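Asker: Sequence first, predicted model second:
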Amino acid sequence: MILVLNFFLKDSFAATFNQVIQNHLADTPHRCHFIRVTSATTAEQVLSESKSATHLILSGSEASTLNDMGWEDEMKKVVLSFMKSKKPILGICYGHQFLVRSLAGKDYLRKAPKPEMGWGKLHLEDNPLFEGIKEPVCLLAHYDEVMELPADFHLLGSSEKCAIQGFQYKNLPIWGVQFHPEYDIASGQEIFDDLETNDARYHEHYENALDHEHQLQQNKRFFTNFVNM
């Protein structure tokens, strides 16, 4: 069972995230258990509901990891429980930053000097999580970023505007990716429509390196590689 902690604030974003993750894993023998995280969610509740979980995925969110949402201490306990058991963990965007906040502290997070929006090209280092992925293009949507990580974090990816697009923690099966490998064009448009409505500078930040939709087909490998760890 794959435990998915969903940190999205809007119901529609949360539902779309659950659906795209389920779609990526539909051809695998793994089932997902989704938990919508709020300030009332406890580690005891999460761990009790997911005793058979073998992997943990942390979602993105409209929330900022620089702010305190009330769930940080409890969800850190969940992360540490999985880490202690050496169970694979994958953090995406907010989840990527939340892993850094949990394992290193808020001092390694900052407002991004150049927020990223759109479909961006990524440079990825060789790593089992990225096996079979060539010249990836993924959805980018973030105002915060990770910076200057300690030596325990092995840097695995970058983009033109963001120096840390991915990491692996120590030699453990713990990865963070700032980009969103889960979204296709249709599901990603929901994110972009919201950003365009709420950010007057959205078009200044927006980029589009996506020439053909089929460039996104390989992104399923991020998830199948992860669940096969």
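Answerer: Happy to help now that I have it. Since this is a predicted model, take the numbers as computed values, not measurements.
Asker: Now do the buried residues in the top strand by length along the chain.
Answerer: In the chain, taking DSSP state E as the definition, the longest strand is strand 109-121. For strand 109-121, the neighbour count (16 or more other Cβ atoms under 10 Å) marks Leu109, Ala112, Pro115, Glu116, Met117, Gly118, Trp119, Gly120 as buried. For the C-beta atoms, the positions are set from N, CA and C on the backbone; glycine is no exception.
Asker: Just checking: what are the partner strands of that strand?
Answerer: strand 137-146 (antiparallel), strand 206-208 (parallel) (DSSP bridges).
Asker: What are the buried residues along stretch 218-229?
Answerer: Buried residues in stretch 218-229, counted by 16+ other Cβ under 10 Å: Asn219, Lys220, Arg221, Phe222, Phe223, Asn225, Phe226, Val227.
Asker: Could you single out the nearest of those residues to Gly105?
Answerer: Closest approach to Gly105 among the buried residues of stretch 218-229 (Cβ to Cβ): Phe226, at 25.2 Å.
Asker: which residues of this protein fall in helices?
Answerer: For the chain, helices defined by DSSP state H occupy the ranges 11-24, 43-49, 72-84, 94-103, 185-198, 202-205, 220-227.
Asker: what's in contact with the last one?
Answerer: When contacts are defined by Cβ atoms under 8 Å, 6 or more residues apart in numbering, helix 220-227 is touched by residues 2, 21, 24-25, 27-28, 30, 55, 57, 88, 90, 128-133, 175, 177, 181-182.
Asker: Give me the distance from it to the chain's centre.
Answerer: Chain-centre distance of helix 220-227: 13 Å, with Cα atoms, centre = their mean, to the nearest Å.
Asker: between it and helix 11-24, what angle do the directions make?
Answerer: Interaxial angle, helix 220-227 versus helix 11-24 (axes from the mean of the first three to the mean of the last three Cα atoms, to 10 degrees): 80 degrees.
Asker: how about helix 220-227 as PDB, C-alpha atoms only?
Answerer: Taking Å, rounded to 0.1, in the frame of the first residue of the first chain, the C-alpha atoms of helix 220-227 are listed here in PDB:
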ATOM      1  CA  LYS A 220       4.900   8.000 -15.300                       C
ATOM      2  CA  ARG A 221       8.300   6.400 -14.700                       C
ATOM      3  CA  PHE A 222       9.000   8.700 -11.800                       C
ATOM      4  CA  PHE A 223       6.200   6.800  -9.900                       C
ATOM      5  CA  THR A 224       6.700   3.300 -11.200                       C
ATOM      6  CA  ASN A 225      10.400   3.600 -10.400                       C
ATOM      7  CA  PHE A 226       9.500   4.800  -6.900                       C
ATOM      8  CA  VAL A 227       7.100   2.100  -6.000                       C
END
